[in-house]
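Chemist: Quick one, structure for this:
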Amino acid sequence: MKKIMVAIIVLMLLGCQSLKPDQSMASSTGGALSTMTSIEKGLFSVQISLPKKVGINEEFTVKADFKIETEQKFSITSRNQLFVYLIKDSSGKQINSYAVTDGGVTRDLSGETVISENYKYKIKKPGIYEISAVAEFTVNKDGSSKSYTIETDHKKIEVTE
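Modeler: As a prediction, this is how the structure comes out:
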């Protein structure tokens with residue numbers, strides 16, 4: 001009887017091994033640009049605009065645009081603010097931070113749609129800074145979903161005294 005119980009426990013342990021993660025899903029949530037097909041790359045575009053030069057402690061606005069480049073109908077789920085903004089000094093150290101605490105929203109999109117957001121910030125020290133924005137979202141279409149992370153080009157801003 002003990003041999004049968006041991007055999008059952010061994011079979012249960014072998015049957016309960018963790019599965020290897022699906023590589024396509026694992027990579028699509030982290031760096032979707034590298035996993036997007038050429039068709040998917042044509043679906044979305046992102047860009048930022050900002051002033052080239054500001055004074056120290058002068059508030060400036062970074063505008064980020066997320067554009068749907070297709071006539072297809074689908075929905076995306078993201079945070080209330082689609083973009084997260086990264087501001088780095090000349091040594092590459094990120095100088096801005098903020099907590100992302102808001103819940104998710106679902107947006108139904110069709111046709112060529114643009115979602116624009118503004119981010120206001122003041123820099124306290126003079127220098128050259130690099131700014132980019134990252135959009136993180138999930139596309140929901142025909143009962144399936146896929147997560148994406150898309151970063152804008154990096155732009156420079158000069159902060160003077």
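Chemist: can we go C-alpha only for contacts and neighbour counts from here?
Modeler: Will do.
Chemist: Count the residues that sit near Glu69.
Modeler: When neighbours are defined as other CA atoms under 10 Å, Glu69 has 17 of them.
Chemist: Make sure it is actually in contact with Val46.
Modeler: No - look at Glu69 against Val46 with CA atoms under 8 Å: they stay out of range, at 10.5 Å.
Chemist: Overlap in contacts, those two.
Modeler: Overlap of the contact sets of Glu69 and Val46 (by CA atoms under 8 Å, 6 or more residues apart in numbering) is empty.
Chemist: what about the helices in the protein?
Modeler: Counting by DSSP state H, the chain has helices at residues 2-15, 23-30, 32-35, 38-41.
Chemist: Go through those helices and find the least confident stretch.
Modeler: Among the helices of the chain, helix 23-30 carries the lowest mean pLDDT, at a mean of 33.
Chemist: Retrieve the pLDDT associated with Ser110.
Modeler: 79.
Chemist: Quick check: closest non-adjacent residue to it.
Modeler: Of all residues not flanking Ser110 in the chain, Lys73 sits nearest, at 4.3 Å (CA to CA, 6 or more residues apart in numbering).
Chemist: do Phe66 as well
Modeler: Spatially, and ignoring its direct neighbours in sequence, Phe66 is nearest to Val46 (4.6 Å; CA to CA, 6+ apart).
Chemist: Can you give me the pLDDT of the one you found?
Modeler: 95.
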